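Asks: Provided below for reference: sequence and predicted model.
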Amino acid sequence: MYDEENYSKIIQEFLLECTASVDLIERGLLELETNPRYRGLIGDVFRHMHTVKGNCMMLGFTRLEGLTHAAESTMELLRDGIIPMDAVISSTLLAVVDGVRGALKTIEKTGAEGDSDFTQLMDNLQHIKASAKDLHDGSAFYKLDLSESDQPQVCEAPKFNTEESSLNLDTVTLPIERLNTLMTIAGTVLVTFNQLRYSLTQDGGGYDHLIDSMEMQIQTMQDEVLKYRLQPVGHIWSAYHRLVRELAVDSGKKVYLQLKGQETEVDRSILISLKNILGHLIRNAIDHGIEPPDVRLSRGKPAVGKVELSAEQRHGNIYMEIADDGAGIDVNRVKEKAVELGRVTPQQAAVLDAAAAYSLIMEPGFSTAETLSKVSGRGIGMDVVKMTVEKAGGVLSVSSDPGKGTRFSIRIPQAMAIVPVLVVTAQEDRFAIPQVNVIELASFYGDEVREKVQLKMNSPMVSLRQRLVPLIRLNELLHQSQAQCQELHFSAQCHVVFLRSEGGEFGLEVDSTLELANLVIKPLARIFSHITVLSGSAVMPDGTVSFLLNVEDVAREALAGAKDLNKLQ
């Protein structure tokens, strides 16, 4: 028998292998629904089910062994061509997947499979097996005749959601080459540290180059560790195929999910925070966006609706989009609901543009749905989605084309741990600006200030490569000062950091620029949460604290008074 420590390790290995196999089984079953004659895939699903059964048998989990053995027998009938894959068999086997996952979670918590009741699943699997009949010519034929009492048990949408799926983001699987790289770097750091310690004890000088060398090595180690935290977004997206399938069955709609950019890597902490809200946006798209098949056909659309989930990396940020080809957002209905809820007056609603109307759906308790369905809701509103994205340092926006669909766009930093920044000062305080947003630096002196900095349409502007862009003073932004813009013209010097944002390019005037650095960014303390232009904090080498600027919020301040910029250029 195993001692407690060894048994715990064996259980962990068992859970990791079974979880991976169950994920592959589910993925294969979903693909078989669209390609039921793919014999090679049927064989793969059969082998994964056999693996799970064997593992359960070795550890004495008899209930799970019996369930997976019965499912394996059904897969064997499919593999040998005795019966074809259909919706009933697919739903039954997916229900088996859910049953196995539930038992695995119980094993993870207690070390035992518990008292899970698989009687109905076993009966359904046995009924499928008993209904299979061979034709004399060797071709496959079977007739599955489920009674009304059995039908709901087999075809009822499984209690699946992304929160309870077997996504495991608490463990990271690494190739041995990456561990070898980390060991090499750690060894180099140790050698340099020993050299530095020797130099200090001998007081022989020559510290600077050793300190510089160690700094570079530590930075390399940080970069390597950061790579370990990055995981492809496809790790959480794979579960959404099942989600879309169940939502389509439950709503009576036909929907398929198209994925793009699954290989895009994101910090695992961001993946965890976004997992649930992406599921909610997909759920929202199917419930509120995608029309029933007959309605789509009457509007000249394909009967099958499409939900597209995409991701790409640009300038150190990850851009995700959830788009559907459904009915789009009815702006007039949003305005009517806003008036009904007292969010705006009828007069205000009349002058609201589409973008302002779309922003209303992000407010707490706002919904245009007349009745709640099984598909939407789940305790998450669009306000929670927006708050979660912003908490991860991101921005959520929405656009819609009536009759053609809706698109939710999310921009988030690729990683939140270590950020390359430019350190600047404003009234003797230090602030950090993400380097990915920095275009260039410029300093103007004397008459050059009057030439480069101008007042246009009551907004300060600064010249960037022969064109004017909005300018905002960091001192005024942080202290809400109403100083006259004309003061800019009479300053003896003006230091400007030119930045790029989603809304466009702009200049940020600072007192001075200090250095480039890589800072470990921590979330803001609650006391600063209301200051939206700040997105994090970091401890500087001298022990003081600096704040990371939220460039997108700073940009909104800068661009608010320069809406007519295009007319000036």
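Replies: On my side now, so go ahead. Residues are numbered from 1 along each chain as shown.

Asks: and for the closest residue to residue 360 other than its chain neighbours, the neighbour number?
Replies: Nearest non-adjacent residue to residue 360, counting by Cβ to Cβ, 6 or more residues apart in numbering: residue 338, 5.1 Å away. Every residue, glycine included, has its C-beta placed from N, CA and C. By the measure other Cβ atoms under 10 Å, the count of residues near residue 338 is 23.

Asks: next up, the contacts around residue 42.
Replies: By Cβ atoms under 8 Å, 6 or more residues apart in numbering, the contact set of residue 42 is 28, 32, 75, 78, 79, 85.

Asks: what's the ChimeraX line that selects buried ones from these?
Replies: Remark: buried members of the contacts of residue 42, expressed as a ChimeraX selection using 16 or more other Cβ atoms under 10 Å:
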select :28,32,75,78,79,85
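
Asks: which one among the contacts of residue 42 gets closest to residue 202?
Replies: residue 28 (65.4 Å; Cβ to Cβ).

Asks: and the gap between the closest one and residue 14?
Replies: 21 Å (Cβ to Cβ, to the nearest Å).

Asks: after the longest helix seen in the chain comes which helix or strand?
Replies: Criterion DSSP state H: the longest helix present in the chain is helix 4-34. Using DSSP states H and E, the helix or strand that follows helix 4-34 towards the C-terminus is helix 39-58.

Asks: now that following helix against helix 4-34, angle please.
Replies: On the basis of axes from the mean of the first three to the mean of the last three Cα atoms, to 10 degrees, helix 39-58 is oriented at 160 degrees to helix 4-34.

Asks: please, which helix or strand holds the residue nearest to residue 360?
Replies: helix 331-340.

Asks: quick one: mean pLDDT over that helix.
Replies: Average pLDDT, helix 331-340: 89.

Asks: one more: stretch 207-222?
Replies: On average, stretch 207-222 scores 77.

Asks: so what touches that stretch?
Replies: For stretch 207-222, the external contacting residues (Cβ under 8 Å, 6+ apart) are 182, 185-186, 188-189, 192-193, 195-196, 199-200, 418, 518.

Asks: select from these the one having the most neighbours.
Replies: With neighbours set by other Cβ under 10 Å, the maximum within these is found at residue 192, which has 20 neighbours.

Asks: I'd like the next helix or strand past the least confident helix or strand in the chain by mean pLDDT.
Replies: Counting by mean pLDDT, DSSP states H and E, the chain has its least confident helix or strand at helix 151-155, which shows a mean of 38. Going down the chain from helix 151-155, the next helix or strand is helix 176-202, by DSSP H and E.

Asks: now do the helices in the stretch 201-350 of the chain.
Replies: Secondary structure of the stretch 201-350 of the chain (DSSP state H, counting those that start in this stretch): helices located at 207-229, 234-251, 268-284, 293-298, 331-340, 346-351.

Asks: could you export the last one as PDB, CA atoms only?
Replies: In this case it means helix 346-351. This file holds the C-alpha atoms of helix 346-351, laid out as PDB (Å, rounded to 0.1, in the frame of the first residue of the first chain):
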ATOM      1  CA  PRO A 346     -36.300  61.900 -22.700                       C
ATOM      2  CA  GLN A 347     -34.600  65.000 -23.800                       C
ATOM      3  CA  GLN A 348     -31.100  63.600 -23.100                       C
ATOM      4  CA  ALA A 349     -32.000  60.300 -24.800                       C
ATOM      5  CA  ALA A 350     -33.100  62.200 -28.000                       C
ATOM      6  CA  VAL A 351     -29.600  63.600 -28.400                       C
END
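
Asks: tell me which other helices or strands it touches.
Replies: helix 331-340 (3 or more Cβ pairs under 8 Å, 6 or more residues apart in numbering; DSSP states H and E).

Asks: quick check: which ranges of the stretch 151-300 of the chain have low pLDDT?
Replies: 151-174, 203-206 (pLDDT under 70).

Asks: go ahead and flag the most central residue of this protein.
Replies: Nearest residue to the geometric centre of the chain (Cα atoms, centre = their mean): residue 274, 4.0 Å.

Asks: show me the contacts for it.
Replies: 236, 320, 388, 389, 392, 410, 412.

Asks: lowest-confidence one in those?
Replies: For the contacts of residue 274, the pLDDT minimum is residue 392, 75.

Asks: may I have the phi/psi pair for that one?
Replies: As for residue 392, its main-chain torsions (degrees, to the nearest 10) stand at phi -80, psi 10.

Asks: touching, it and residue 270? I think so.
Replies: Yes - assessed by Cβ atoms under 8 Å, residue 392 is found in contact with residue 270 at 5.2 Å.

Asks: a markdown table for the contacts of residue 42, including distance to residue 439?
Replies: As requested, those are arranged in a markdown table below (distance: Cβ to Cβ, whole Å):
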| residue | distance to residue 439 |
| --- | --- |
| 28 | 48 |
| 32 | 51 |
| 75 | 58 |
| 78 | 59 |
| 79 | 59 |
| 85 | 56 |
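
Asks: relative to residue 109, how far out is residue 391?
Replies: 28 Å.

Asks: more neighbours: those two, which one.
Replies: Neighbours were counted for residue 391 and for residue 109 using other Cβ under 10 Å; residue 391 has more, 13 against 9.

Asks: burial measure for the nearest residue to that one once chain neighbours are set aside, as a count.
Replies: In this structure, residue 391 finds its nearest non-sequential neighbour in residue 273, 6.9 Å apart by Cβ to Cβ, 6+ apart. If you count neighbours by other Cβ under 10 Å, residue 273 ends up with 17.

Asks: no further queries at this time; thank you.
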